[in-house]
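Peer 1: kindly generate the corresponding structure for this input.
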Amino acid sequence: MLIAQVIGVALLGSALLSMLRSVRSDVAVAVSASLGVVLFVLVVSRLADFVTAILGMASAAGMNRVYLDTVLRVVGVAYLAAFGAQVCRDAGEGALAVKVELAGKVLILGMAAPLMFALLDTVLQVLPQ
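Peer 2: Got it, this is the predicted structure:
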């Protein structure tokens with residue numbers, strides 16, 4: 001069960017970090033980031049199965065894959081930006097974390113713009129002139 005592995009790694013990592021922070025806080029930041037990457041890799045393997053299933057359903061429904069790809073990329077950027085911001089917070093860099101989150105939001109806006117324009121175009125075609 002994946003959640004048991006995630007919780008086990010997190011608990012062991014927390015115990016290690018609590019001891020390490022008082023002795024070597026610089027090393028604790030690196031260990032914390034490394035543990036975060038390990039947990040991320042554990043979960044991403046399951047995420048690939050989910051994406052494959054979604055793409056299969058979209059193909060069966062005849063959905064335009066460009067839109068689905070964009071949505072999946074937006075979700076990926078959101079997860080990565082949140083992860084990067086949390087690593088910055090763990091390192092005590094709250095201001096940098098806010099900038100990482102802002103960068104993620106700007107990138108998401110840029111990636112979602114074509115979807116918003118296509119939706120607006122569709123609405124304008126439906127409305128009477």
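
Peer 1: now for the helix or strand harbouring Ile3, which elements pack on it?
Peer 2: Here Ile3 sits within helix 2-23, counting by DSSP states H and E. Under the contact criterion of 3 or more C-beta pairs under 8 Å, 6 or more residues apart in numbering; DSSP states H and E, helix 2-23 touches helix 25-61. To be clear about C-beta, it is placed using only N, CA and C from the backbone, and glycine gets the same treatment.

Peer 1: can you list the buried residues in the helix it packs on?
Peer 2: For helix 25-61, burial by neighbour count (16 or more other C-beta atoms under 10 Å) applies to 28-29, 32-33, 35-36, 39, 58.

Peer 1: quick one on the thing from earlier: with just CA atoms, put the helix holding Ile3 into PDB.
Peer 2: Provided in PDB are the C-alpha atoms of helix 2-23 (Å, rounded to 0.1, in the frame of the first residue of the first chain):
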ATOM      1  CA  LEU A   2       1.500   3.300  -1.200                       C
ATOM      2  CA  ILE A   3       0.200   5.500   1.600                       C
ATOM      3  CA  ALA A   4       1.900   3.200   4.200                       C
ATOM      4  CA  GLN A   5       5.200   3.700   2.400                       C
ATOM      5  CA  VAL A   6       4.700   7.500   2.200                       C
ATOM      6  CA  ILE A   7       3.800   7.700   5.900                       C
ATOM      7  CA  GLY A   8       6.700   5.500   6.900                       C
ATOM      8  CA  VAL A   9       9.200   7.600   4.900                       C
ATOM      9  CA  ALA A  10       7.700  10.800   6.300                       C
ATOM     10  CA  LEU A  11       7.800   9.600   9.900                       C
ATOM     11  CA  LEU A  12      11.400   8.300   9.700                       C
ATOM     12  CA  GLY A  13      12.400  11.500   7.900                       C
ATOM     13  CA  SER A  14      10.700  13.700  10.600                       C
ATOM     14  CA  ALA A  15      12.500  11.800  13.400                       C
ATOM     15  CA  LEU A  16      15.800  12.200  11.500                       C
ATOM     16  CA  LEU A  17      15.300  15.800  10.800                       C
ATOM     17  CA  SER A  18      14.300  16.700  14.300                       C
ATOM     18  CA  MET A  19      17.600  15.300  15.600                       C
ATOM     19  CA  LEU A  20      19.600  16.800  12.700                       C
ATOM     20  CA  ARG A  21      18.200  20.300  12.900                       C
ATOM     21  CA  SER A  22      19.700  21.000  16.300                       C
ATOM     22  CA  VAL A  23      23.100  19.700  15.200                       C
END
